[in-house]
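>>> Mind folding the following:
(one chain, ligands or ions: 1)
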Amino acid sequence: MSIARQEQIRNLTEARLDVLVVGGGINGAGVLRDLALRAQHAGQELRVGLVEQGHFASGTSGKNSQLIHGGLRYLKYLQIHLVREALHERSVLLRIAPQFVQPLKFLLPMYGSTSRLLYGTGLWLYDRLAGSDAIAQHRMISRGEVAGMEPGLRQDGLNAAAIFWDAAVQSARFVVENILDAIAHGACAANYVKATAWQREGPETWRVACEDALTGERFEIHARKLVDARGAWMDGQALRLVRGSHIVIPRVSSGGQAIAHFEPDGRIVFLIPWGSENQLTLVGTTDEDHHASPERVHISAAELEYLAAVVRKLFPERRDLAPVSTFSSLRSLVRAGGSSPTSASRGHKIWNSRDGILHVAGGKYTTYRRMSEEAGDQVCREVAPALAQVHQTEHRPFARVDREIGGAMEQRLSDYLFVSTYLGYERRWDAEALAPLAEALGHKLGWDESRVRQEVDDIIEAAVPVGA
Ligand SMILES: Cc1cc2nc3c(=O)[nH]c(=O)nc-3n(C[C@H](O)[C@H](O)[C@H](O)COP(=O)(O)OP(=O)(O)OC[C@H]3O[C@@H](n4cnc5c(N)ncnc54)[C@H](O)[C@@H]3O)c2cc1C
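Below you'll find the model as predicted:
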């Protein structure tokens, strides 16, 4: 199998595809892998391809809270079906991708007189909904145990606390892994290829105009069926864009567990041990309606202060809260009435528009496999009916990780810093620190001196000024 980008572009263009997926986040990557595995299992030829305008996972799928979870907070909105489905998917991913998805222990401190009853009931229900998919049942712990576990955590007003389990994922890297596994099973996929326009060329074929974002070259891809997995870039009124931001700060907690904290407004804020040596804490997230372009999404001063205030409230002795880095991305939620961004449904929607394009939208990273299977069913009913019920992904494990192969898809310094690894978020970068990394990657990719300088400058220019 060759994953060289030029070869992938050749495969995408040389003959008509059966299916072209536009968008290389987790949903696009999931649909690609789903279709490739079906065809391979049934021994049927199905030509499937994917184009992504940036690096794979450069959209929301690489800039989220990195959790594979049932969504404890959705119980408040009685989205029981969503929680049950996500808990099941959590157990599937723990089983088929243990190298990317691992159990994560949470401490849930409860302040105020009614919190024990409220959150205790929620956790009890969470365990019941997980059933045999549970990682472990939750347990209540004493104030003394909390103090031993997290000495810096505010004790004042602490009524009770609980330990419960969810899971964590290397979310950007796992998107790349879905792409790689799809390629290994006969699909083709190219990053830095933008689909700029598409139109019908007869009843059986779409002609998709594409642009290579690295060289400016233009070419066409022909496909029988188009799947739109563009996330926040999808046009139309069906979606509501809600921005979520995270800050990365020097480590605040002492234990290895994450902390889940409910704000009075119903939002849940996670403090997750983070970084290559667990030297940092990832704090998020916010929920803000986003009306600007999906291209430039940054944390606002108000979001920054909101997250810092939560940390100050939980760890009052903690002084240094200036973020090392921040990142923001967009939820594309299926529109339903005028609910608040926090209470808006995280359910998904898969539908054929009148022109016959299949759109995959909403949902959660956790449920991507299930959504991809549903999308795969719909696509196959149209282009390969014999494959419509050939479900493979629930039981097919991912191959062991080979960092070198994942890295081979990098085209830019940012791909290494923010997708292959998360080193980019681990410190404040300057040109001096970036230069050796750019030179090493440039050596591999054949960059000249000016390209190396450009890559460094682009990272510095894209960095959001931080400081709480
Ligand atoms: C702040 C935040 C935190 C979250 N945390 C979690 C969590 O912890 N757990 C969880 O389960 N879910 C979480 N979610 C939800 C989850 O991350 C999203 O549901 C999921 O990543 C959406 O994936 P996607 O593939 O639809 O979109 P994206 O990942 O955004 O992918 C769409 C891709 O399409 C590409 N694209 C757009 N236009 C074109 C074009 N013309 N040509 C080619 N490519 C194109 C984009 O570049 C992009 O990469 C979170 C969401 C947010 C915003």
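
>>> Return the residues of the protein in contact with the ligand.
22-28, 51-54, 58-61, 64-67, 69, 194-195, 229-233, 244, 285, 329-331, 363-366 (Cβ under 6 Å from any ligand atom). (Each C-beta comes from the backbone N, C-alpha and C, glycine too.)

>>> So G244 sits against D287, correct?
Yes - using Cβ atoms under 8 Å, G244 is in contact with D287, at 6.2 Å.

>>> Between these two, which is the more surrounded one?
A count of neighbours by other Cβ atoms under 10 Å puts G244 above the other of G244 and D287, at 23 against 19.

>>> So the more buried one, which state does it fall into?
What DSSP: H, G, I helix; E, B strand; the rest coil gives for G244 is strand.

>>> how about it, what does it touch?
64-65, 284-288, 328-331 (Cβ atoms under 8 Å, 6 or more residues apart in numbering).

>>> what's the pLDDT at V248?
If you check V248, the pLDDT there is 97.

>>> any idea how far the closest residue to E317 other than its chain neighbours is from the ligand?
Excluding its sequence neighbours, the residue lying closest to E317 (Cβ to Cβ, 6 or more residues apart in numbering) is G152, at 5.9 Å. Counting by Cβ to the nearest ligand atom, to the nearest Å, the gap from G152 to the ligand is 24 Å.

>>> Can you find the helix or strand of the protein with the lowest average pLDDT?
Lowest on mean pLDDT, DSSP states H and E among the helices and strands of the chain sits helix 403-407, with a mean of 68.

>>> does the residue nearest the centre of the chain count as helix, strand or coil?
Centrality entry for the chain: nearest residue to the mean C-alpha point is S61, 2.5 Å, by Cα atoms, centre = their mean. Here S61 is helix, with the state taken from three-state DSSP.

>>> S171 is in contact with that one, correct?
Yes - with contacts counted by Cβ under 8 Å, S61 reaches S171, the gap being 6.0 Å.

>>> Please enumerate the shared neighbours of those two.
Contacts common to S61 and S171, judged by Cβ under 8 Å, 6+ apart, are 26, 365.

>>> Restricted to strands, list the residues of the chain next to the ligand.
Using DSSP state E, the subset of the residues of the chain next to the ligand located in strands is 22, 51, 67, 194-195, 244, 329-331.

>>> Need the buried ones from the residues of the chain next to the ligand selected in ChimeraX.
Only the buried entries of the residues of the chain next to the ligand go into this ChimeraX selection, using 16 or more other Cβ atoms under 10 Å:
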select :22,23,24,25,26,27,28,51,52,53,54,58,59,60,61,64,65,66,67,69,195,229,230,231,232,233,244,285,329,330,331,363,364,365,366
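
>>> Counting neighbours, what do you get for Y119?
With other Cβ under 10 Å as criterion, Y119 counts 25.

>>> Tell me who's in contact with it.
Contacts of Y119 by Cβ under 8 Å, 6+ apart are 108, 110, 162, 262.

>>> Pull up the pairing partners for the helix or strand where the first one lies, direction included.
This means L108. L108 is located in strand 101-111, with elements delineated by DSSP states H and E. Its sheet considered, strand 101-111 pairs with strand 158-169 (antiparallel), strand 258-262 (parallel) by DSSP bridges.

>>> could the ones you listed be laid out in JSON lines, adding mean neighbour count and mean pLDDT?
Listed next are the strands paired with strand 101-111 as JSON lines, based on neighbours: other Cβ atoms under 10 Å; pLDDT from 0 to 100:
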{"stretch": "strand 158-169", "mean neighbour count": "21", "mean pLDDT": "96"}
{"stretch": "strand 258-262", "mean neighbour count": "22", "mean pLDDT": "96"}
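
>>> how about those in CSV, adding distance to H88?
Listed next are these as CSV, based on distance: least, Cβ to Cβ, whole Å:
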stretch, distance to H88
strand 158-169, 13
strand 258-262, 20
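
>>> Got the domain ranges for the protein?
Following automatic domain parsing, the chain resolves into domains at 5-60+172-236+345-387, 92-167+238-334, 403-462.

>>> Out of those, which one sits most buried?
Most buried of the domains of the chain by mean neighbour count (mean count of other Cβ atoms under 10 Å) is domain 5-60+172-236+345-387; its value is a mean of 21.

>>> Over to that one now: how far is its first residue from its last?
28 Å (Cα to Cα, to the nearest Å).

>>> Show me where this protein has its helices.
Secondary structure of the chain by DSSP state H: the helices cover 5-14, 26-42, 80-96, 115-130, 143-149, 171-184, 301-314, 368-383, 403-407, 413-415, 431-445, 449-462.

>>> which stretch in those has the least confidence?
Among the helices of the chain, helix 403-407 scores lowest, with a mean of 68.

>>> ok, now which ones touch the closest residue to R5 other than its chain neighbours?
Excluding the flanking residues, the one nearest R5 by Cβ to Cβ, 6+ apart is A190, at 5.7 Å. Contact partners of A190, counting by Cβ under 8 Å, 6+ apart, are 5, 8-9, 12, 50-52.

>>> go with 6 Å
Residues in contact with A190 (Cβ atoms under 6 Å, 6 or more residues apart in numbering) are 5, 8-9, 51.

>>> ok, of those residues, which one's closest to the ligand?
When the contacts of A190 are compared for distance to the ligand (Cβ to the nearest ligand atom), V51 wins out at 5.0 Å.

>>> pretty sure the closest one is touching V193, no?
Yes - between V51 and V193 there is a contact at 4.1 Å, judged by Cβ atoms under 6 Å.

>>> about what we covered before: got a markdown table for the helices of the chain, with distance to G202 too?
Formatted as a markdown table, the helices of the chain follow (distance: least, Cβ to Cβ, whole Å):
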| stretch | distance to G202 |
| --- | --- |
| helix 5-14 | 18 |
| helix 26-42 | 23 |
| helix 80-96 | 39 |
| helix 115-130 | 48 |
| helix 143-149 | 65 |
| helix 171-184 | 27 |
| helix 301-314 | 49 |
| helix 368-383 | 15 |
| helix 403-407 | 38 |
| helix 413-415 | 37 |
| helix 431-445 | 39 |
| helix 449-462 | 41 |
